[in-house]
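1. The sequence and its predicted three-dimensional model are supplied below.
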Amino acid sequence: MKRIQPFRFRYTGSLAKLFMMACLITVNQLYAQTVIEKIVQEETKNSQLQILAHELFDGIGPRLVGTPQMKKANDWAVEKYASWGISARNEQWGEWKGWERGITHIDMLSPRVKSLEGTQLSWSPSTKGKAVKAGIVIIPDLADSIAFANWLPNVKGKFVMISMNQPTGRPDDNWQQFATAASFDKLKKERAEQTEAWRKRLSKTGYSSRMLPIILEKAGAVGILTNGWSNGWGVDKIFNAYTSKVPTVDIALEDYGSLYRLVESGSNPIISIETSSKDLGTVPNFNTIAEIKGTEKPDEYVMLSAHFDSWDAGQGATDNGTGTLTMMEAMRILKLVYPNPKRTILVGHWGSEEQGLNGSRAFVEDHPEVVNKLQALFNQDNGTGRIVNIS
């Protein structure tokens with residue numbers, strides 16, 4: 001399959017200067033400085049980024065492919081472009097599993113009562129309007145897949161923990177700041193050994209990380225408990241569930257560790273989980289495309305792009321709402337200060353990048369005329385970190 005190979009900008013200056021090169025492609029050098037000065041002035045004195053961020057991140061929220069929020073974001077972008085006098089449209093690239101997040105409520109009932117911090121994974125099944133109460137088991141360290149198959153009936157009617165219990169909840173830079181060199185080295189060594197031991201423990205089940213939840217579900221587990229710690233202060237990565245009937249939930253590090261230790265010590269904790277997500281069947285999904293038509297070479301293209309979709313446990317700001325808004329703001333300013341470019345300027349807000357570049361791949365297949373006459377493509381997906389290089 002053909003793929004657009006983008007120029008990925010990583011730059012230390014302002015947004016306006018970041019896309020100076022895009023402007024220079026469409027104007028002669030004599031006129032370029034005036035246009036650039038207007039771009040810098042508009043972005044310095046009249047930036048719309050905070051307004052756009054509030055509307056998208058706070059008002060609409062995360063944009064998981066297949067959710068109503070993703071479609072709402074597509075429509076919002078089209079309307080926003082129209083308000084700037086820019087032609088925009090939603091192009092269907094395919095279909096995906098429709099799903100809408102609901103409330104996740106997790107409580108420990110025994111040996112003490114405590115509400116736990118956690119959330120169901122994307123596309124996780126719900127508990128169908130009622131709380132599920134059960135004990136917990138941990139994937140044991142067994143000899144091989146045969147031993148695991150013999151143990152498997154033990155998961156019936158239980159929640160199953162399938163993630164390693166992290167030895168610390170502090171990020172490494174905090175250890176470097178406050179620990180002695182010897183204690184930090186000891187932590188890193190023990191954590192590496194523990195991580196490798198856990199990897200081997202799971203591999204001896206005979207199943208991949210994708211298949212293991214499915215096997216546990218088929219064996220009668222009432223839910224899967226994970227912890228996807230991202231090595232920061234209490235922050236977990238919430239990706240997708242593989243179960244089709246029982247919930248898969250991420251338990252935050254502190255609570256996951258507490259439950260893990262209670263199970264290990266034989267305290268037999270009982271928890272209750274209620275999730276209210278909705279399965280919406282198969283739904284159409286879209287890229288949002290906006291265009292400023294070229295006046296002299298309309299069939300040659302300069303393209304700005306960023307993926308619009310996100311995972312849905314956060315607001316999808318750094319991955320990749322910031323890139324999305326950068327491209328929208330660039331188009332707004334170009335339309336204002338340089339409304340009649342020589343070449344056509346396009347922006348692509350791609351859907352389902354997180355699941356395998358689906359939206360951008362579909363655009364390449366659907367628009368060979370753009371690919372064949374593409375002069376440059378600027379893609380941003382670096383989050384909010386300092387931009388340090390162009391690739």
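-> Happy to help now that I have it. Numbers count the residues shown, from 1 in each chain.

2. At the geometric centre of this structure, which residue sits there?
-> Trp311 (3.3 Å; Cα atoms, centre = their mean).

3. Alpha carbons only: can I get the longest helix along the chain in CSV?
-> If you go by DSSP state H, the chain has its longest helix at helix 181-203. C-alpha atoms of helix 181-203 as CSV (Å, rounded to 0.1, in the frame of the first residue of the first chain):
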residue,chain,number,x,y,z
ALA,A,181,23.0,6.5,43.7
ALA,A,182,23.2,3.1,45.4
SER,A,183,19.5,2.9,46.2
PHE,A,184,18.5,4.0,42.7
ASP,A,185,20.8,1.5,41.1
LYS,A,186,19.4,-1.2,43.4
LEU,A,187,15.8,-0.2,42.3
LYS,A,188,16.6,-0.3,38.6
LYS,A,189,18.3,-3.7,39.0
GLU,A,190,15.5,-5.3,40.9
ARG,A,191,12.8,-3.8,38.7
ALA,A,192,14.5,-5.1,35.6
GLU,A,193,14.7,-8.5,37.1
GLN,A,194,11.1,-8.4,38.2
THR,A,195,9.9,-7.2,34.8
GLU,A,196,11.8,-10.0,33.0
ALA,A,197,10.4,-12.6,35.5
TRP,A,198,6.9,-11.3,34.8
ARG,A,199,7.4,-11.5,31.1
LYS,A,200,8.5,-15.1,31.5
ARG,A,201,5.5,-15.9,33.8
LEU,A,202,3.1,-14.7,31.1
SER,A,203,4.9,-16.4,28.3
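
4. Which neighbouring elements make contact with that helix?
-> Where contact means 3 or more Cβ pairs under 8 Å, 6 or more residues apart in numbering; DSSP states H and E, helix 181-203 is packed against helix 172-178. C-beta coordinates here come from the backbone N, C-alpha and C atoms, glycine included.

5. buried residues in the helix it packs on?
-> Within helix 172-178, the residues that count as buried by 16 or more other Cβ atoms under 10 Å are Trp175.

6. Residues contacting that helix, please?
-> Residues outside helix 172-178 that contact it (Cβ atoms under 8 Å, 6 or more residues apart in numbering): Thr168, Ser183, Phe184, Leu187, Lys188, Asn231.

7. Only the buried residues of the longest helix of the chain, if you could.
-> Leu187, Trp198, Arg201, Leu202.

8. And for stretch 276-294?
-> Ser277, Val283, Asn285, Phe286, Asn287, Thr288, Ile289, Ala290, Glu291, Ile292, Gly294.

9. Now do the strands in the stretch 51-200 of the chain.
-> 87-100, 104-110, 114-116, 118-120, 132-138, 159-161 (DSSP state E, counting those that start in this stretch).

10. closest to Leu52 out of those strands?
-> Nearest to Leu52, of all the strands of the stretch 51-200 of the chain, is strand 87-100, at 14.3 Å by Cβ to Cβ.

11. pLDDT below threshold where in the protein?
-> Scanning the chain with the threshold set as pLDDT under 70 gives 1-30.

12. Quick check: the two most widely separated of the contacts of helix 172-178?
-> Longest span within the contacts of helix 172-178, Cβ to Cβ: Ser183 and Asn231, 17.8 Å.

13. contacting residues around stretch 250-262?
-> With Cβ under 8 Å, 6+ apart as the criterion, stretch 250-262 contacts 106, 108, 111, 114, 116-121, 136, 138, 161, 163, 165-166, 169, 225-229, 234, 236, 238, 268-269, 271, 313.

14. Only the buried subset of the residues you listed, as a PyMOL command please.
-> Buried subset of the contacts of stretch 250-262, written as a PyMOL selection, criterion 16+ other Cβ under 10 Å:
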select buried, resi 106+108+116+117+118+119+120+121+136+138+161+163+165+166+169+225+226+227+228+229+236+238+269+271+313
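
15. got the angle for the longest helix of the chain vs strand 132-138?
-> 110 degrees (axes from the mean of the first three to the mean of the last three Cα atoms, to 10 degrees).

16. Summarise which helices and strands the helix or strand just after helix 181-203 is packed against.
-> Reading on from helix 181-203 to the C-terminus, the next helix or strand found by DSSP states H and E is helix 212-218. If you count contacts as 3+ Cβ pairs under 8 Å, 6+ apart, helix 212-218 packs onto strand 223-226.

17. Mind giving me the packing neighbours of the strand it packs on?
-> strand 132-138, strand 159-161, helix 212-218, strand 248-251.

18. Most tightly packed of the ones you listed?
-> When those are scored by mean count of other Cβ atoms under 10 Å, the highest mean neighbour count falls to strand 248-251 (a mean of 25).

19. Give me the buried positions along the following helix or strand past that one.
-> Beyond strand 248-251 in the direction of the C-terminus, DSSP H and E gives the next helix or strand as helix 253-264. For helix 253-264, burial by neighbour count (16+ other Cβ under 10 Å) applies to Leu253, Asp255, Tyr256, Gly257, Ser258, Leu259, Tyr260, Leu262, Val263.

20. for those residues, which one is nearest Pro341?
-> Looking across the buried residues of helix 253-264 and measuring by Cβ to Cβ, the closest to Pro341 is Leu253, at 50.0 Å.
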